[in-house]
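Colleague: Could you work out the structure for the sequence below:
(one chain, ligands or ions: 1)
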Amino acid sequence: IEKNPGEPEFHQAVREVLDSLRPVIERDEEKYRRDAILERLTEPDRVISFRVPWIDDKGQVQVNRGYRVQFSSAIGPYKGGLRFHPSVNQGIVKFLGFEQIFKNALTGLPIGGGKGGADFDPKGKSDREVMAFCQSFMNELYRHIGANIDVPAGDIGVGGREVGYLYGQYKRLTGLYEGVLTGKGLTFGGSLVRKESTGYGLIYITEEMLRNHDTTMSGKTIVVSGSGNVATYATERAQQFGAKVVAMSDSNGYIYDPKGIRLDVVKKIKEVRRGRIKEYLDEIPTAQYVEGKGIWNIPCDIALPCATQNELTLEDVKTLKANGCFAICEGANMPTTQDATDFILENEILFLPGKASNAGGVTTSALEMTQNSERVYWSFEKTDSRLKEIMVNIYAQISSAAKEYGVEGNYVIGANIAAFKKVADAMHSQGIV
Ligand code: NDP
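Modeller: Next up, the predicted model:
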């Protein structure tokens, strides 16, 4: 904490992992201590921070701060998204980069951990302003990344439009047509399923967990927070699996549609018009819109937090439980506060941590890297079936690690242990670097 002041989210992410690793470390204490594995793992390879100046539509120069944290390359080139949101700071990017190491290890694909972003708010900006910002951001970032060095992708506030502008500028600066970013448009190296992959992956692993607990998603009532990329495609797949999603949200409020959310309407608002979730009522006047927080007060069987970190509090999970919710699966990164997670585990609510359950996005990003280096495009079906296979495999790894260490059903500990063992092995074999 003294070494990393003012970074509470980073402390939270590290504490959760280190607490889980106690039994692994105890089994082989001498080796882990001698190699200083934990000390090296919690210190990023490098943190890059830079000025991003750009000109707004009024001709005024604006200045934002950009980041790239290259956390660990133990098992492959750095890989992780870029987040554009006013709340971005070094601690947030470090927490995300740290989590990414373990998530990427669980996919079984050769990718290390990194994350980046800027305190830029794309909301309300014109396309030209977003392009100016992305180009300026890349003017610095390009010297730190590369198809075999570090491959960024999207995250909050960075979707297909932003990745396109970033990629165009990278190409202009380097002259290289390479798979340096994932989430690209389908006409210039993007992969089918990438857009849907985090949300679909969340549903695949949730269904696998439910199947292992003698139930399925079919007929269940689900509440999904957020209405961005992850929330939208989690809702889509959940509906295809026969579940009823009754609520979604944005940072202003939430909609409740007891008949089941009409996703075509949500997509039109969010993906086409870039509007707000309350506009849902313009087309579906029978639904309700509530300003502010409170989405977790809606009774449901399964809760899928898909917006942002620490959005699900102890109070919220107590309400969810009282209303009969039996499973919570994280689509966002660290959406559940630490005390809420403790309550969930103590009360035997089924719980999948984000580093396992939202790994579908980075999985498909890695499959995009594979396609780019082979210079081929895979079909939707092939990519989707690889994604499903990997999500099912992640469930198998985290549940067997939990069983092996005597905490069957605790997928938080299972995910941390299964991922850590892979990364620590790779670090040990590569010597002290
Ligand atoms: P988007 O920008 O597409 O959507 C984010 C959604 O969450 C929006 O509805 C947004 O509302 C809401 N939101 C964001 N910040 C806040 C906040 N501070 N308070 C309340 N609501 C908020 O992002 P994604 O869907 O891509 O990402 C959502 C989560 O999933 C993040 O935690 C991200 O790290 C994680 N994730 C994403 C992956 C991906 O492939 N995209 C992969 C793995 C994890 P509003 O529009 O009002 O801001």
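Colleague: quick one: buried residues of the lowest-mean-pLDDT helix or strand in the chain?
Modeller: When each helix and strand of the chain is scored by mean pLDDT, DSSP states H and E, helix 29-34 comes last, with a mean of 92. Burial within helix 29-34, assessed by neighbour count using 16 or more other Cβ atoms under 10 Å, is assigned to residue 32. Using the backbone N, CA and C atoms, a C-beta is placed for each residue, glycine as well.
Colleague: helices or strands next to the helix or strand following it in the packing?
Modeller: Sequence-wise, the next helix or strand downstream of helix 29-34 (DSSP states H and E) is helix 37-41. Counting by 3 or more Cβ pairs under 8 Å, 6 or more residues apart in numbering; DSSP states H and E, the packing neighbours recorded for helix 37-41 are helix 8-27, helix 411-429.
Colleague: what distance separates helix 37-41 from the centre of its chain?
Modeller: Its chain's C-alpha centre and that of helix 37-41 lie 23 Å apart, by Cα atoms, centre = their mean, to the nearest Å.
Colleague: Give me the residues contacting it.
Modeller: For helix 37-41, the surrounding residues in contact (Cβ atoms under 8 Å, 6 or more residues apart in numbering) are 18, 21, 25, 32, 72, 101, 423-424, 427-428.
Colleague: can you pull the contacts of the residue of the stretch 151-300 of the chain found nearest the ligand?
Modeller: Of all residues in the stretch 151-300 of the chain, residue 228 sits closest to the ligand, at 1.8 Å by Cβ to the nearest ligand atom. Residues in contact with residue 228, defined by Cβ under 8 Å, 6+ apart, are 156, 250, 270, 306-307.
Colleague: Next: residue 291.
Modeller: Counting by Cβ under 8 Å, 6+ apart, residue 291 touches 252-253, 278.
Colleague: And the lengthiest strand in the chain, what does it pack against?
Modeller: Ranked by residue count and defined by DSSP state E, the top strand of the chain is strand 61-72. Applying 3+ Cβ pairs under 8 Å, 6+ apart, we find strand 61-72 packed against strand 46-55, strand 78-84, helix 90-107, strand 113-118, helix 127-141, strand 150-153.
Colleague: Just give the nearest non-adjacent residue to residue 45, would you?
Modeller: By the measure of Cβ to Cβ, 6 or more residues apart in numbering, the closest residue to residue 45 outside its immediate chain neighbours is residue 70, 4.8 Å from it.
Colleague: The closest residue to residue 17 other than its chain neighbours and the ligand, how far apart?
Modeller: Nearest residue to residue 17 in three dimensions, chain neighbours excluded: residue 416, at 5.0 Å (Cβ to Cβ, 6+ apart). Residue 416 sits 17 Å away from the ligand, going by Cβ to the nearest ligand atom, to the nearest Å.
Colleague: I'd assumed residue 352 was in contact with residue 206.
Modeller: Yes - under the criterion of Cβ atoms under 8 Å, residue 206 makes contact with residue 352 at 6.5 Å.
Colleague: can the helix or strand hosting residue 351 be found next to the ligand?
Modeller: Secondary-structure assignment from DSSP H and E places residue 351 in strand 350-352. No - contact of strand 350-352 with the ligand (Cβ under 6 Å from any ligand atom) is absent, the minimum separation being 12.8 Å.
Colleague: quick one on the thing from earlier: contacts only, for the residue nearest to residue 17.
Modeller: Residue 416 touches 16-17, 20-21, 102, 355, counting by Cβ under 8 Å, 6+ apart.
Colleague: tell me the two of the residues you listed that are most distant?
Modeller: The most widely separated members of the contacts of residue 416, counting by Cβ to Cβ, are 21 and 355 (13.4 Å).
Colleague: So if I had to pick from those two, which one is more boxed in?
Modeller: Between residue 21 and residue 355, counted using other Cβ atoms under 10 Å, residue 355 has the larger neighbour count: 29 against 21.
Colleague: okay, now the residue of the stretch 301-433 of the chain found nearest the ligand: neighbour count?
Modeller: The nearest approach of the stretch 301-433 of the chain to the ligand comes at residue 361, 2.9 Å away (Cβ to the nearest ligand atom). Counted with other Cβ under 10 Å, the neighbours of residue 361 add up to 30.
Colleague: One more: residue 408?
Modeller: Residue 408 has 12 nearby residues by other Cβ under 10 Å.
Colleague: going forward can the numbers begin at 847, since that is how I track them
Modeller: That works, and once the first residue is 847, the last one we named lands at residue 1254.
Colleague: does the residue lying closest to it once chain neighbours are set aside belong to a helix or a strand, and which?
Modeller: Among residues not flanking residue 1254 along the chain, residue 1248 sits closest, at 5.6 Å (Cβ to Cβ, 6+ apart). Per DSSP H and E, residue 1248 falls inside helix 1226-1250.
Colleague: just to revisit the earlier point, need the residues that contact the least confident helix or strand of the chain.
Modeller: 871, 884, 1270, 1274.
Colleague: and residue 1256, what pLDDT?
Modeller: Listed pLDDT for residue 1256 reads 98.
Colleague: since we're on it, how many residues are nearby?
Modeller: 22.
Colleague: That one is in contact with residue 1190, isn't it?
Modeller: No - under the criterion of Cβ under 8 Å, residue 1256 makes no contact with residue 1190, lying 10.3 Å away.
Colleague: that older thread, what about the contacts of helix 883-887, which one has the most neighbours?
Modeller: Ranked by neighbour count (other Cβ under 10 Å), these have residue 947 at the top, with 29 neighbours.
Colleague: Chain neighbours aside, what residue packs nearest to that one?
Modeller: Residue 947 sits nearest to residue 959 (Cβ to Cβ, 6+ apart), 3.2 Å away.
Colleague: Distance-wise, check the one you found relative to residue 886.
Modeller: Noted for residue 959: a distance of 13 Å to residue 886, by Cβ to Cβ, to the nearest Å.
Colleague: Over to residue 1125?
Modeller: From residue 1125 to residue 886 the distance is 49 Å (Cβ to Cβ).
Colleague: likewise residue 1088?
Modeller: 46 Å.
Colleague: now swap in residue 1057 and tell me
Modeller: Distance from residue 1057 to residue 886, by Cβ to Cβ: 38 Å.
Colleague: what does residue 1094 give?
Modeller: Relative to residue 886, residue 1094 is positioned 41 Å away (Cβ to Cβ).
Colleague: The two: who's more crowded?
Modeller: The neighbour count for residue 1094 versus residue 886, taken as other Cβ under 10 Å, is higher for residue 1094 (29 against 15).
Colleague: Kind regards, and thank you for your time.
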